[in-house]
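In: Below: sequence and its predicted model.
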Protein chains: 2
Amino acid sequence: MASNNPTPPDSTRRSERSRRAIYDAAISLVVEIGYPRTTIEGIAARAGVGKQTIYRWWGSKAEVLLEAFLDLSEQAARAVPREHEDREGREGCEDREGCEDGEARAGRAGGESQGIPDTGDLAADLRLVLRATVDELHDPKFEAPSRALAAEGVVNEELGRRFVAKLLEPQLQLYVDRLRSAQEAGQVRPDIDPRIALELFVSPLAQRWLQYTGPITYEYTDALVDYALNGLSPR
Amino acid sequence: MASNNPTPPDSTRRSERSRRAIYDAAISLVVEIGYPRTTIEGIAARAGVGKQTIYRWWGSKAEVLLEAFLDLSEQAARAVPREHEDREGREGCEDREGCEDGEARAGRAGGESQGIPDTGDLAADLRLVLRATVDELHDPKFEAPSRALAAEGVVNEELGRRFVAKLLEPQLQLYVDRLRSAQEAGQVRPDIDPRIALELFVSPLAQRWLQYTGPITYEYTDALVDYALNGLSPR
């Protein structure tokens, strides 16, 4: 990354402008003409930079796109869940002991890694994060590029696996962490594998989004959390 | 459909040969060059029929492909789950009352609609069907065309919705029926919506397959059934 090199302020600003232009060009091209027809040359032309500028920072178009998309996801993540946390995280916390104050929670959620709130109430925390994901999936700015990359990932195993390793799996690990802390608190069965368990509420939402198998609403994700935690069999 | 018209045997056989050739051509083209570049003309040329033959039976390439894929899925469904039923359905049934005999079960499973076995043991029945799905997802004949169609469905909403309405939703409704009968038998909470509940075990498998988010094994699908029915929270 250029930002790791010591560079004078002007050059840094210029680099940042170029990087931003390249991300924007990559995202808009993959939306407009699809992943297979998007090229480094096309991205360079659209961004108004030389293609050597792109090759200096990235090894392939897949890498440019993955980073552009990671950047987009971070923007979306910064914009959406904190608003939710402010609105709903506090409500969910009102009547419980050992509840963190809003500041500590907001601090962690707003940090580099988004994290999943831990108010001590697993159901409330999961409902909150999944509702934020519903909003993100409905965000048009996010939808077209993520669909284009996801579609390519379905038929292009190498890209699919990189997409998962770089973008999806780190997000899923946040659920693993939250479920582990719930296990330690005795709120999740000790015998379950958190990496599989998270899929009971994350994958249904992903499939509805990827395959148009049903509406995506807060009521829906709330039901997923209830069914997953309490089970389908009568208690 | 040509087979609805009264035609002499020779003509019917010729129609069937053409239909089969068209299905095979459609599937192999979408695998080789992708959905967007597959055309009616290309399918006709590969199948060795005139394109008017295709237009007489289908309105668009999407319809040809959906039917070709439906036919492929039916072939796969006929080939795989019955073998499983023979091997495992009986074991699962040994120690329960009201268990159907193997013949009745095999008769239903081999019929037009695949159905989900109802031995009275919901967990065993779901494990059986999901293991059969694991086998199907690993079948190379099935994998490439279903990936190609699924990928196009992600970015082409109209195709995606037809794919779901014609192929996926009828399969999901079999789970709805099985969960309803389990609800009537008191094995599933009366307050759950079966159409959402089925996603707790179906969607994780779908996402692992579509997005390469993890290995697809019997142990995995068995765990999904356990987690979904019994819940993640301690009982």
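Out: Yep, it's here.

In: Tell me who's in contact with the closest residue to chain B within chain A.
Out: The minimum distance from chain A to chain B, using CB to the nearest CB, falls at residue A:231 (2.6 Å). The way it works is simple: take the backbone N, C-alpha and C, and place the C-beta from them, glycine included. Neighbouring residues of residue A:231 by CB atoms under 8 Å, 6 or more residues apart in numbering or on different chains: B:189, B:227, B:228, B:229, B:230, B:231, B:232, B:233, B:235.

In: hmm, try it at 7 Å
Out: The neighbourhood of residue A:231, defined by CB atoms under 7 Å, 6 or more residues apart in numbering or on different chains, consists of B:229, B:230, B:231.

In: Take those and lay them out in JSON lines including pLDDT.
Out: JSON lines is the format used below for the contacts of residue A:231 (pLDDT from 0 to 100):
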{"residue": "B:229", "pLDDT": "98"}
{"residue": "B:230", "pLDDT": "98"}
{"residue": "B:231", "pLDDT": "98"}
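
In: Nearest to residue B:118 among those residues?
Out: Within the contacts of residue A:231, proximity to residue B:118 (CB to CB) peaks at residue B:229, which comes in at 15.3 Å.

In: tell me which element the closest one falls in.
Out: Using DSSP states H and E, residue B:229 sits within helix B:218-230.

In: Kindly calculate the angle that that helix makes with helix A:218-230.
Out: For helix B:218-230 against helix A:218-230, the angle by axes from the mean of the first three to the mean of the last three CA atoms, to 10 degrees is 100 degrees.

In: Against which helices or strands is helix B:218-230 packed?
Out: When contacts are defined as 3 or more CB pairs under 7 Å, 6 or more residues apart in numbering or on different chains; DSSP states H and E, helix B:218-230 sits against helix A:194-197, helix B:122-137, helix B:199-211.

In: Pick the most deeply packed of those helices.
Out: helix B:199-211 (a mean of 24; mean count of other CB atoms under 10 Å in any protein chain shown).

In: So which residues make contact with that one?
Out: A:153-154, A:160, A:164, A:168, A:199-200, A:203-204, A:206-207, A:210, A:227-228, B:126, B:130, B:133, B:137, B:150, B:172, B:175, B:213-214, B:216, B:221, B:224-225, B:228.

In: and if you look at stretch A:157-174?
Out: Under CB under 7 Å, 6+ apart, the answer for stretch A:157-174 is A:62, A:66, A:69-70, A:73, A:114-116, A:149, A:152-154, A:198, A:202, B:211-213.

In: Only C-alpha atoms, please: export that stretch in CSV.
Out: The C-alpha coordinates for stretch A:157-174 follow below in CSV (Å, rounded to 0.1, in the frame of the first residue of the first chain):
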residue,chain,number,x,y,z
GLU,A,157,-14.5,-20.6,-7.4
GLU,A,158,-11.2,-18.8,-7.0
LEU,A,159,-12.8,-15.4,-6.8
GLY,A,160,-15.6,-16.9,-4.7
ARG,A,161,-13.1,-18.2,-2.1
ARG,A,162,-11.2,-14.9,-2.0
PHE,A,163,-14.4,-13.0,-1.6
VAL,A,164,-15.3,-15.2,1.3
ALA,A,165,-11.8,-15.1,2.9
LYS,A,166,-11.4,-11.4,2.6
LEU,A,167,-15.0,-10.1,3.1
LEU,A,168,-17.5,-12.6,4.3
GLU,A,169,-15.6,-14.8,6.8
PRO,A,170,-14.2,-11.9,8.9
GLN,A,171,-17.8,-10.7,9.3
LEU,A,172,-18.9,-14.2,10.2
GLN,A,173,-16.1,-14.5,12.8
LEU,A,174,-17.8,-11.6,14.7
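
In: Pull out the buried positions in it.
Out: Going by neighbour count (16 or more other CB atoms under 10 Å in any protein chain shown), the buried part of stretch A:157-174 is A:159, A:160, A:162, A:163, A:164, A:167, A:168, A:171, A:172.

In: Just send those back as a markdown table, with pLDDT and secondary structure too.
Out: Shown next, in a markdown table, are those (pLDDT from 0 to 100; DSSP: H, G, I helix; E, B strand; the rest coil):
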| residue | pLDDT | secondary structure |
| --- | --- | --- |
| A:159 | 89 | helix |
| A:160 | 92 | helix |
| A:162 | 91 | helix |
| A:163 | 89 | helix |
| A:164 | 92 | helix |
| A:167 | 88 | helix |
| A:168 | 92 | helix |
| A:171 | 92 | helix |
| A:172 | 96 | helix |
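
In: mind putting those in JSON lines, distance to residue A:183 included?
Out: Listed next are these as JSON lines, based on distance: CB to CB, whole Å:
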{"residue": "A:159", "distance to residue A:183": "34"}
{"residue": "A:160", "distance to residue A:183": "30"}
{"residue": "A:162", "distance to residue A:183": "30"}
{"residue": "A:163", "distance to residue A:183": "29"}
{"residue": "A:164", "distance to residue A:183": "24"}
{"residue": "A:167", "distance to residue A:183": "26"}
{"residue": "A:168", "distance to residue A:183": "22"}
{"residue": "A:171", "distance to residue A:183": "20"}
{"residue": "A:172", "distance to residue A:183": "16"}
